[in-house]
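Colleague: give me the fold of what follows.
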Amino acid sequence: MLPPELQGDRGVRLAHIGVAVGSLEEAAAFFRDVLGLVPGPATAADGATVVSLSAGGAAIELLGAAAPDSPIGRYLERHGPGIHHVCFRVPDLEQALGRCRAAGYRLIDELPRAGADGRRIAFVHPKATAGILIELSD
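Modeller: This is a model prediction of the structure:
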């Protein structure tokens, strides 16, 4: 266990891991058939079709491209299927974005915007976070 000074903000939690997939049906099959996770209904957000699977307090979001020129379509073209982003739920999204700005982290979203499930989200650029696209959500 980490010492208290390294444990960080306990109000921050892993919300989901977004995984870009070529086929939602094929990707969901593994999680359903092998792990017994139940895929939720498909929803649309940011030019993606999203299927969420709850896994121990966090979720796996399978992200299918709604169109080839959508953000997920372009991601799949450049990188192929795989982890697209990691999302953290924070107690105060504006405060977290302010801390990013104060520390010099590059933001994709300067202001929160609407995301899936009606939550407000903002992305931190992967060049600022060791190559990992980070989504912050409240």
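Colleague: so which strand or helix has Glu94?
Modeller: helix 93-103 (DSSP states H and E).
Colleague: flag every buried residue along that helix.
Modeller: By 16 or more other Cβ atoms under 10 Å, the buried positions in helix 93-103 come out as 93, 96-97, 100. Heads up, the C-betas are built off the backbone N, CA and C, glycines and all.
Colleague: tell me what that helix is packed against?
Modeller: Under the contact criterion of 3 or more Cβ pairs under 8 Å, 6 or more residues apart in numbering; DSSP states H and E, helix 93-103 touches strand 120-124, strand 134-137.
Colleague: mind listing what the spatially closest residue to Asp138 that is not a sequence neighbour touches?
Modeller: Spatially, and ignoring its direct neighbours in sequence, Asp138 is nearest to Leu93 (4.1 Å; Cβ to Cβ, 6 or more residues apart in numbering). Listed by Cβ atoms under 8 Å, 6 or more residues apart in numbering, the contact set of Leu93 reads 112, 120-122, 136-138.
Colleague: closest to Asp46 among those residues?
Modeller: Set against Asp46, the nearest of the contacts of Leu93 by Cβ to Cβ is Ile121 (8.9 Å).
Colleague: on that earlier part again, narrow the contacts of Leu93 to just the buried residues.
Modeller: If we count by 16+ other Cβ under 10 Å, the contacts of Leu93 have these buried: 112, 121-122, 136-138.
Colleague: Leu37 touches Val51, doesn't it?
Modeller: No: if you go by Cβ atoms under 8 Å, Leu37 and Val51 don't touch, sitting 10.5 Å apart.
Colleague: ok, the two, which is more surrounded?
Modeller: Val51 (22 against 18; other Cβ atoms under 10 Å).
Colleague: hey, what's that one bridged with?
Modeller: Leu62 (DSSP bridges).
Colleague: contact partners for it?
Modeller: 24, 27-28, 39-42, 61-62, 64.
Colleague: mark which of the residues you listed are buried, thanks.
Modeller: Buried among the contacts of Val51 by 16+ other Cβ under 10 Å: 24, 27-28, 39-40, 61-62, 64.
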